[in-house]
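>>> Starting from these lines, generate the structure:
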Amino acid sequence: MLRRIYLCDICVSHLCNICVKNVPSLSRRSRPHPVNPANPVKSCQSCQIRGRRFGFHPITFWSTPFFSLYSFTFAAHFKGPYSHMYRTHTCGELRITDVNKEVTLSGWAANIRNLGVLLWIDLRDRYGVTQLVLDENYTAKELLDTARTVGREFVLQATGTVIERASKTTKIPTGEIEIKITELKILNASKTPPFTIHDDTDGGDDIRMKYRYLDLRRNAVQKNLIFRSHLAIETRKYLAAQGFIEVETPNLIKSTPEGARDFVVPSRMNKGQFYALPQSPQTFKQILMVAGFDKYFQIVKCFRDEDLRADRQPEFTQIDCEMSFVHQEDIINTFEGLTQYLFQQTLGLTLGDFPRMTYDEAMRRFGSDKPDLRFGMEFVDLKSPADAEFGSGVDVVPAGFPVFDGAESVIAICAPGCAEYSRKQIDELTEWVKRPQIGAKGLVYVRIEADGTPKSSVDKFYTPDQLKVWAEKCGAKPGDMLFLLCGEDEKTRKQLSELRLELGNRLGLRKGDDFKPLWVLDFPLLEWDEEDGRFFAMHHPFTSPKPADIVKMESDDRTTLKSMRADAYDLVINGVEIGGGSIRIHDRDLQARNFKLLGFTPEEAEAQFGFLLGAFEYGAPPHGGIAFGFDRLNAVMNGANSIRDFIAFPKNNQGRDMMIDAPDGIKLKQLEELGIRIVEAEKP
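Residues are numbered from 1 along each chain as shown. Prediction:
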C-alpha cells in the first residue's frame, strides 16, 4: 500500500541514491513537492525539526516488508546530514521547557569564567546569549583542554544537553537554563578585540567606527538595525496596501544648482562631463506622475555634500513618495496614516490625530518651524504696545534700559521651577547663549521668589511692579524663572528657540518615549539671501505657490514676494523634521515664472530642467508628494539623538568611513582615463 512520510528542506536535500537503488518500490515519481498549506506538518520525521523553522515535503512510497522496516530507521538514516548542521537552535531560543534536549549551538564567546573545576562560556549570536557549562567531574579532559583555549570572540560550535541552571537570572531570556557540553569545536579563533563587545562598551567613537564589524556585534547596535529592518518592511506593507508601487530611480543624474552641494562622478566615456548623485529623486518622481504612475514610493539613498552633525550623513535614506490627482489634504491624511501605522506596528503605540500649525504661528510661539511640543515655554513678546489687561497706561517694557530700547524685539520664556538656579548656573546659561553657534549678546533673567517677589539682573532699570507685569504676562508662578533675549526679531527668536530646547533638556522635559507629532503648514515660498542678493526656494523650485498668491509673482516688491505662501507641509515629531513635501507645479508657464523669481534665465532653466518642462507639455496631472527622513524617523522612534546609530556603516563628522579608509586617492591611470588632473592647492 502507499505510505507517506514528511521531510524538512534539509533532509530532502540529502536524499541519497540508496533510497532508489536498494528499494525498487520507491519510485522517482515520488520526488518531493510542496506540502499542502491546508494540511501543515508539525515536524520532520527524520530530524524532528519544528515546522515553524523549515518547509516540509511529502515523500510517498509503496510499502513493502523491507521498506516498512526501513521506514522505522529513517531517522537514523538521516542522522548524517543533520549532525553536520551548525546549530539546531539559536542562542536566544532555549527555555526551561527544553530541559533534557540534545542541542547544538553556534556563536561567539562573549564571556569566559574559569574557576578551575567549573568553566562557563557565554555564547552569543544576534538572537541572544546562552550559558555553556563544563565541569571537571563529568567533562572529558580533552574537552576541558579545548575550552580553556577559548578567548573572547572565538567562534564556537557547542553540542550538549539542556539542563536547569543552578543560579538563575532574569537578565537574559535564557537565564533559567544552561548547556552541559559534550562536544566543543573552535570554528575560528579571534584576536583580542580593541574594545569590549558589550552595550556599555569602553570603546570611543573613532575606534568603534574603525572596527565597525565588531561594534555591529553589540546588542544595542544590532537592536537598532533590526528595528530599522522592521520599519522598512512595515513601510512597504502599508504603502503597497494603499496602492503605491515601488519604482527605482537613477543614481547617476544631472547636477542642479539648488540645495546643498552635489557629489559629482566623472564620466570616462564623456570626458570633461560629470554625473551627480541625487540629493533626492525629485524630478524623476514628477516624471513618473506625468507617465501615469499615480502612486509611487521608494526607500531610496540620497546624497548631499554638506557639513555633518548628529542628524546628518552624506548619504542618507528617504521614504520618497508622490501622488497624482491629489490636494494637500489627501497627502497629509495618507502619510499621517503611515506614521500612525508604523508606531502601532513597531512600538505598539497608538497616536491620535496630529495637530496642525502654520509656519507663522510656529515661529511666533516657538521661534522654530519644527517646534518640540513635549513641553511649554512658549514665547512672550514683551515689546508690544501697552495692554489694558496688564494695567492701563503701563508700558510692558518702558524706556530706560538702553539694550532693550534699541532692540526690535524683547522676547521671554518662563522656565518652571528654575528660581532656585544658582548664580553659577545662570552664568553658565549666559555663556551658553553667547557661543558663536547661538550668537546672543547676553541673557536677562527675572527670578520669581516664593512670595511672588521678582528679582532680576535688570532691577536697577525696572521697578518691581514692572517686573511683575512681565511675570504676569508670561504666566510665571512663584519658583519660576524668566529668561529674556532681545535684538533683531528673526535672530532673537532663533536664539531663544535654542535656549528653550537646552532648558528642556536640563529640566528633563524632552522624554524619549513621549511622542508629539505636528504638521506645520503654509511655509513661505521664497527666502531672501542677503549674501547672494536673490531669492531661493524655501523647499525646492518645483513647489507650487498657494493659488491665491500666484498673482504676487508679478510683483517687484521684495516684501510682497516674501509674503507668498507655498502649498507645502512638514511633519515634525519631538522637534525633529521627519518629512517634508508640497503640491508641485504641473504647468510649464507657472514653472517658468517660478524659475525667473529664483534668478534663472530662460536658457539656464532650459539647460537644467528642460526635460521636466518638456514633459509638462504632454499632459502633466496635478500632483504632490512628500519624503520622510528614514534615518531620522528611526532615531526619533527610539529616543536617540544621532541617526548614525541606525546606519550600518556611517561616516564620521569629517565624512570619512573609518573602516575602509574612504575617501581615498585613486591611481594615475584612472585619472588619465577620466581626463582629470589633480592640481595641488597653493600654500597660503
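
>>> Helices of the stretch 51-200 of the chain, start to end?
Here the stretch 51-200 of the chain has its helices, by DSSP state H, counting those that start in this stretch, at 65-72, 74-77, 79-83, 141-147.

>>> How is this structure partitioned into domains?
2-83, 96-188, 222-353+630-668, 375-510, 518-620 (automatic domain parsing).

>>> Could I get the full set of strands for the stretch 501-650 of the chain?
Secondary structure of the stretch 501-650 of the chain (DSSP state E, counting those that start in this stretch): strands at 517-521, 526-529, 534-537, 568-573, 576-583, 623-629.

>>> that older thread, what would the domains of the chain look like in CSV with distance to residue 197, mean neighbour count and mean pLDDT?
Every C-beta, even on glycine, is put in place using the N, C-alpha and C of the backbone. Below are the domains of the chain laid out as CSV (distance: least, Cβ to Cβ, whole Å; neighbours: other Cβ atoms under 10 Å; pLDDT from 0 to 100):
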stretch, distance to residue 197, mean neighbour count, mean pLDDT
domain 2-83, 27, 14, 45
domain 96-188, 7, 16, 96
domain 222-353+630-668, 11, 17, 94
domain 375-510, 30, 17, 90
domain 518-620, 30, 17, 91
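
>>> To residue 368, which of the ones you listed lies closest?
Closest approach to residue 368 among those (Cβ to Cβ): domain 375-510, 4.4 Å.

>>> Endpoints of that closest one, how far apart?
7 Å (Cα to Cα, to the nearest Å).

>>> chain center to it, what's the gap?
Its chain's C-alpha centre and that of domain 375-510 lie 36 Å apart, by Cα atoms, centre = their mean, to the nearest Å.

>>> pretty sure residue 417 contacts residue 478?
No - judged on Cβ atoms under 8 Å, residue 417 makes no contact with residue 478 at a distance of 10.2 Å.

>>> Which of the strands of the stretch 501-650 of the chain sits closest to residue 221?
Nearest of these (Cβ to Cβ): strand 623-629, 20.0 Å.

>>> So what touches that closest one?
Identification of contacts with strand 623-629 by Cβ atoms under 8 Å, 6 or more residues apart in numbering yields 280, 285-286, 289, 296, 316-328, 331, 335, 338, 544, 567, 569, 571, 577-584, 586, 643.

>>> Quickly run through the sheet partners of it, with directions.
Here strand 623-629 is paired, per DSSP bridges, with strand 315-324 (antiparallel), strand 576-583 (antiparallel).

>>> Tabulate those (JSON lines), appending distance to residue 462.
Below are the strands paired with strand 623-629 laid out as JSON lines (distance: least, Cβ to Cβ, whole Å):
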{"stretch": "strand 315-324", "distance to residue 462": "49"}
{"stretch": "strand 576-583", "distance to residue 462": "38"}
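
>>> between those, which one is nearest to residue 493?
The closest of the strands paired with strand 623-629 to residue 493 is strand 576-583. By Cβ to Cβ, the value is 17.2 Å.

>>> how about the strands in the stretch 101-250 of the chain?
All strands of the stretch 101-250 of the chain, identified by DSSP E, counting those that start in this stretch, fall at 102-114, 118-125, 128-135, 155-164, 177-188, 245-246.

>>> how about the CA coordinates for the second one, as CSV?
Put plainly, it is strand 118-125. Extracted in CSV, the C-alpha atoms of strand 118-125 (Å, rounded to 0.1, in the frame of the first residue of the first chain):
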residue,chain,number,x,y,z
LEU,A,118,34.0,24.8,36.6
LEU,A,119,34.2,26.8,33.4
TRP,A,120,31.4,28.8,31.9
ILE,A,121,31.2,30.3,28.4
ASP,A,122,28.5,32.8,27.4
LEU,A,123,27.8,32.0,23.8
ARG,A,124,26.3,34.9,21.8
ASP,A,125,24.6,35.3,18.5
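
>>> For residue 231, list the residues it contacts.
Contacts of residue 231 by Cβ under 8 Å, 6+ apart are 342, 346, 630, 633-634, 637.

>>> Looks like residue 407 contacts residue 485 (just checking).
No - Residue 407 is not in contact with residue 485 according to Cβ under 8 Å; the separation is 9.0 Å.

>>> Overlap in contacts, the two.
Counting by Cβ under 8 Å, 6+ apart, the common neighbours of residue 407 and residue 485 are residue 492.

>>> one step back: tabulate the strands of the stretch 101-250 of the chain (JSON lines), appending distance to residue 673.
Formatted as JSON lines, those follow (distance: least, Cβ to Cβ, whole Å):
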{"stretch": "strand 102-114", "distance to residue 673": "43"}
{"stretch": "strand 118-125", "distance to residue 673": "45"}
{"stretch": "strand 128-135", "distance to residue 673": "50"}
{"stretch": "strand 155-164", "distance to residue 673": "42"}
{"stretch": "strand 177-188", "distance to residue 673": "40"}
{"stretch": "strand 245-246", "distance to residue 673": "35"}
